[in-house]
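**Q** Attaching a predicted model along with its sequence, questions to come.
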Amino acid sequence: MPSRIVGGIALSHVPSVGPAVDRGKQQTPAWKPLFDAYGPVQDWLKKLRPDVAIVIYNDHAAEFAFDRYPTFALGVADTYPIADEGFGTRPLPPVKGDADFSIHLCESLIEQEFDLTVCLEMGVEHGFLVPMNLCFPHTSGGWPVKCVPLQVNVVQHPLPTARRCYRLGQALRKAVEQYEEDLRVVVLGTGGMSHQLQGRRFGFMNEAFDQWFMDQLESDPEGLSGISHEKIMTEAGAEAVELIMWLAMRGAVSPGARRVHRHYYAPMTTGMGLISFEDG
Amino acid sequence: MARDGGRRGPKRLKAIPDTSIFDLRLSRKGIRLNRLCFSLCDPRNRDAFKKDEEGYMEKYRLTENEKNLVRSRDFKGLIEAGTNIYALLKIGSATGHSLYRMGAQMRGETYEQFLATRNIKDAV
């Protein structure tokens, strides 16, 4: 049986979640609402038994410098080290990759005219690791799934359009379904939701926008993919434009996929959203 | 003949009040600052920066204006000078300023004033 996508999750990758995990603060009053929302997600993922997680995320000037900055970069390695973002390296096991599967994805995506930057080595940081902490807790033995990191430029404008990201997701689905090995794949689209981290508008959030975005992501992703960067940035804050990566995930699951989880928590400066879909 | 056959050119993002948009113009302007920040992902470089900030800024050929912005920990000014926010976090960390402290300064508030505007201020 060829590979298939069994589920997709869109979720925020707020960096402060990392130290909260490392210091065991998951059950403190401020963090409990967030972490408790992921218990059912982790149980669901155990039932889905994915072999590989494709994690669509953005680097935050840890591994990719602006001097040469890829629009889409895909990792092709059997191991991805934990990157130092400038605050020290988190005490996490290295992430296992599946280089053969990554090679197939590159071949298929480039054939489908997505001209990726291919990375034979890349470190991963909070954009990638926080979603992993929330969905796939590690043990001393490592992480429970292999991963493929897919890095998107959502930082240095011009960015790929939301629709381009949605189409990338659709191409990713096709690529997965072409792979001969029998792999069960989940796709994580990370980032957002509303937040702005600079200027006098630092700390801006918009829950109404975030809830609307989750509604549309579920019911009308094709329509939502027409959203402009300007609309996201004006209504939800400049850094909320990361939400275009949620559309990449949504493109990778089928339009009629069943929504399973949905949660929202906005304690400090970011609307932390979660929405998941089960496929097939 | 117009090279685009008369069609409109690419859309430029409109300015958003109180917001910096990190585009290629700003990235070129901030190239020295962003290179310095990026280098701070290496612990040896962080040590070198903390030991001799002036020498480190000289090594990255910062202009006098850029050096002054770093010296005065003017985070709003550093953003306006083209430092990307995620790059700025590394200078913040090396100088003992968390994101939320830098943000309070950018809003023109004290840290305590800023925290008072948050829904759950212990989720830091």
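**A** Received, thanks.

**Q** Quick check: buried residues in stretch B:116-124?
**A** If you call a residue buried by 16 or more other C-beta atoms under 10 Å in any protein chain shown, then stretch B:116-124 has these buried ones: B:118, B:123, B:124. (Glycine included, C-beta is placed from N, CA and C.)

**Q** Could you grab the helix/strand/coil label for the first one?
**A** What it means is residue B:118. For residue B:118, the reduced secondary structure class is coil; criterion used: DSSP: H, G, I helix; E, B strand; the rest coil.

**Q** thinking again about what came up before, can you narrow the buried residues of stretch B:116-124 to ones near chain A?
**A** Among those, proximity to chain A is found for B:118, B:123, B:124 (C-beta under 8 Å from any C-beta of the partner chain).

**Q** Could you dump those residues into TSV with pLDDT and distance to residue B:65 added?
**A** Written out in TSV, the entries for those read as follows (pLDDT from 0 to 100; distance: C-beta to C-beta, whole Å):
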residue	pLDDT	distance to residue B:65
B:118	96	33
B:123	88	36
B:124	85	32
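
**Q** And these, which is closest to residue A:67?
**A** The shortest separation between residue A:67 and any of these is 32.2 Å, and it belongs to residue B:124 (by C-beta to C-beta).

**Q** could you dump stretch B:92-101 to CSV, C-alpha only?
**A** In CSV, the C-alpha atoms belonging to stretch B:92-101 read as follows (Å, rounded to 0.1, in the frame of the first residue of the first chain):
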residue,chain,number,x,y,z
GLY,B,92,18.0,41.1,24.0
SER,B,93,19.0,37.8,25.5
ALA,B,94,22.7,38.7,25.5
THR,B,95,21.9,42.0,27.3
GLY,B,96,19.3,40.6,29.7
HIS,B,97,16.2,41.9,28.0
SER,B,98,13.3,39.5,27.4
LEU,B,99,10.9,39.9,24.5
TYR,B,100,8.3,41.3,26.9
ARG,B,101,10.7,43.9,28.3
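
**Q** is that stretch anywhere near chain A?
**A** Yes: Stretch B:92-101 is in contact with chain A by C-beta under 8 Å from any C-beta, via B:93, B:94, B:99, B:100.

**Q** would a markdown table of these with pLDDT, secondary structure and neighbour count be doable?
**A** Written out in a markdown table, the entries for these read as follows (pLDDT from 0 to 100; DSSP: H, G, I helix; E, B strand; the rest coil; neighbours: other C-beta atoms under 10 Å in any protein chain shown):
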| residue | pLDDT | secondary structure | neighbour count |
| --- | --- | --- | --- |
| B:93 | 96 | helix | 17 |
| B:94 | 97 | helix | 19 |
| B:99 | 96 | helix | 22 |
| B:100 | 96 | helix | 21 |
